[in-house]
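**Student:** what follows is a predicted protein model with its sequence.
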Amino acid sequence: MKTAKINLYKYSELVPASQAKAIEDHSRFLDSEPIEHENESGEMIETYHEHTDEETKESILINEYYFFSAGKLADVTTYTGKHELSGKTFLSFEGQNIEI
């Protein structure tokens, strides 16, 4: 068996081209989520909102996402609150949960 090192990056650590990829992918995700609200008749309707690059970047920073070097989102979970793993962060990669 061989072992490998996986580098993960915060948004601010990515090169500009990778930051652009991160924003493009996350914006596509955000824009795909409908916003449910009540219209003038009292009916619940769904609308979609196109997020600006700044709104998308803010969402990335608030959620403290991790990325691979090319700007692809890494599947990372940080446990908080009263969870037994509170304070620990794990990368889910190829079926393995790796503490980071």
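**Tutor:** Now that the structure is in, tell me what you want to look at. Please read all numbers here as calculations on a predicted model, not as lab measurements.
**Student:** quick check: buried residues in stretch 18-35?
**Tutor:** Ser18, Gln19, Lys21, Ala22, Ile23, Asp25, His26, Ser27, Leu30 (16 or more other CB atoms under 10 Å). C-beta: built from backbone N, CA, C; applies to glycine.
**Student:** checking the residue nearest to the first one when sequence neighbours are not counted next. Helix, strand or coil?
**Tutor:** So that's Ser18. Using CB to CB, 6 or more residues apart in numbering and skipping residues adjacent in sequence, the residue nearest Ser18 is Gly71, 3.6 Å away. Of the three states, Gly71 takes coil according to DSSP: H, G, I helix; E, B strand; the rest coil.
**Student:** coming back round to it: the buried residues of stretch 18-35 in helices, which ones?
**Tutor:** Ser18, Gln19, Lys21, Ala22, Ile23, Asp25, His26, Ser27, Leu30 (DSSP state H).
**Student:** residue most distant from the centroid, this protein?
**Tutor:** Ser41 (35.6 Å; CA atoms, centre = their mean).
**Student:** quick check: Ile23 touching Ser59?
**Tutor:** No: between Ile23 and Ser59 there is no contact under CB atoms under 8 Å: 9.6 Å.
**Student:** okay, helices next: where are they in the protein?
**Tutor:** Applying DSSP H to the chain gives helices spanning 16-31, 53-62.
**Student:** would you format those as CSV with distance to Tyr79 and mean pLDDT included?
**Tutor:** Converted to CSV, the helices of the chain look like this (distance: least, CB to CB, whole Å; pLDDT from 0 to 100):
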stretch, distance to Tyr79, mean pLDDT
helix 16-31, 22, 97
helix 53-62, 18, 97
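**Student:** dump those into a markdown table; add distance to Lys88 as well.
**Tutor:** Below are the helices of the chain laid out as a markdown table (distance: least, CB to CB, whole Å):
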| stretch | distance to Lys88 |
| --- | --- |
| helix 16-31 | 24 |
| helix 53-62 | 20 |
